[in-house]
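Chemist: Return a 3D structure for these sequence lines:
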Amino acid sequence: VLVLLGIVAAVGYLGLANSARNTKEFSAIARAYERVTTVESNFAQMRRTVLLFSQTGSDAAAEQVREFQERIAFNAAEAQKMILAKDRREMMDRVIETFERYVAAFDKVVKAKTEQAGVDTTQRPIGARMQQILSNMMQSGAMTDEMSAAVNAGMAQELLLSTRLNVNVYFANPAPHIAKAALDNINKLPAAIKQLQDSVNSVSEKERAQELTGLAEKYVPGIAATLKLTDERNRLINDMGVVIAAQMAEQLAALNSAQLKALDQIREETLSTIDWSVWLSLAIAIAALAIGLLLAWLIGRGISKPLGKISGVLNELANGNKAVEIPYTERGDEIGDNARAAQMFKENLLRVEKMEAEQKEHELRVAAEHEAAKQKAESEFEAAVGGIVKAAAAGDFSQRVDLEGKTGLVLSVGGAINSLCENVA
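Modeler: Prediction:
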């Protein structure tokens, strides 16, 4: 029974220890899940801010992107510390790696945006000056009736205006056909300026045409560089928004799904462990109770039955049946002690009976000679011994014969009876 109770305690301890371990792991996964969810939310906001920066080039938007970058990096690092499982830690590593690629791509976008702004800063004054010169040459040709020069100036101006317009449109809508139209127009501009230069006659107009040629040598490759930078920026933005961002979003969703699955698994394991511990403890407790009751019944039966037999033997002896057999005298326990005491009681009764028979025989031998003495001795013997013998026969060995002043048979028998009572008691 004690072993079974020990098993119940061990099962309860194991169940509690397992539950405590699962609770600790559940808490760690829940905190990591919270961090990853924060990363996911911040990344969604960062993507929107990156899109705003790509459209406007705002310094405030770029600064806000950097703030989201710091938050995401911090929460991702904290989540990585909290994640214990190897598979989910590897998933978090891939998320961090993808985010670093996203940040690197944004850095390139910022660089391309800065370079584009620098080129645009250089190109705009050149384009404006070229447009002013062409307008002046158109007006001068019309005023001096040099129609050929005026027409050529108009055609060159149309190419310039179309190029500038297409470039501006391409910034907002980077469609390939718009870039092609801008390149086609700007590549035709040097030939148009050359044709214009050949059609003018005055020195001043030739100087203007020469200035246009010099400006075109800077402006034409600048437009190509602007379009190239815009293409690179748009490619980076597309790579960030479509490829890298989508990949990171997918990785974050997969990681959160794995963590939710782990949380559900721990919850099921904990509940299963508690149920198992309760039912097993209950089963063992019931088994211990049943075994205890069985042992109690067997022990009780092993004691009550022998005691019942010994009680019956004592009743037989008290009723004068001195031939009754005394059982269990060979046992070494309390039952054996009681049986041996009953055996001694029986032997004492037999000795008393034998002594009484001898006494009666002696009285018969001296009856003829000492009738009077016999009468007196019997009277004294009966008075002194009879009650005690009857009490002893009834099982009361506490009474004693008063031997004071007694002589002869009364003294002898009284002393023997007292000794007998003392021995039996």
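Chemist: What is the least confident helix or strand in this structure?
Modeler: helix 371-381 (a mean of 66; mean pLDDT, DSSP states H and E).
Chemist: check contacts around the nearest residue to residue 62 once chain neighbours are set aside.
Modeler: Nearest residue to residue 62, sequence neighbours excluded (CB to CB, 6 or more residues apart in numbering): residue 53, at 5.4 Å. Using the backbone N, CA and C atoms, a C-beta is placed for each residue, glycine as well. Residues in contact with residue 53, defined by CB atoms under 8 Å, 6 or more residues apart in numbering, are 61-62, 65, 109-110, 113.
Chemist: Using neighbour counts, trim those to the buried set.
Modeler: Neighbour-count burial (16 or more other CB atoms under 10 Å) applied to the contacts of residue 53 gives 61-62, 65, 109-110, 113.
Chemist: Report the separation between the nearest residue in space to residue 220 that is not next to it in sequence and residue 123.
Modeler: Leaving aside its sequence neighbours, residue 220 sits nearest to residue 186 (CB to CB, 6+ apart; 5.3 Å). With distances taken as CB to CB, to the nearest Å, residue 186 is found 11 Å from residue 123.
Chemist: picking up where we left off before, can I get the contacts of residue 53 in a markdown table with secondary structure and pLDDT?
Modeler: Below are the contacts of residue 53 laid out as a markdown table (DSSP: H, G, I helix; E, B strand; the rest coil; pLDDT from 0 to 100):
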| residue | secondary structure | pLDDT |
| --- | --- | --- |
| 61 | helix | 90 |
| 62 | helix | 89 |
| 65 | helix | 90 |
| 109 | helix | 81 |
| 110 | helix | 84 |
| 113 | helix | 80 |
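Chemist: which among those residues gets closest to residue 344?
Modeler: residue 65 (109.1 Å; CB to CB).
Chemist: give me the number of residues near the residue lying closest to the closest one once chain neighbours are set aside?
Modeler: For residue 65, ignoring the flanking residues on the chain, the nearest one in space by CB to CB, 6+ apart is residue 49 at 5.0 Å. Here the number of neighbours of residue 49 (other CB atoms under 10 Å) works out to 22.
Chemist: Okay, and residue 49 sits in which element?
Modeler: According to DSSP states H and E, residue 49 maps onto helix 2-56.
Chemist: coming back round to it: kindly indicate which of the contacts of residue 53 lies nearest residue 246.
Modeler: Closest approach between the contacts of residue 53 and residue 246, by CB to CB: residue 109, at 16.8 Å.
Chemist: now the closest residue to that closest one other than its chain neighbours: how far from residue 339?
Modeler: Nearest residue to residue 109, sequence neighbours excluded (CB to CB, 6+ apart): residue 236, at 4.8 Å. Distance from residue 236 to residue 339, counting by CB to CB: 107 Å.
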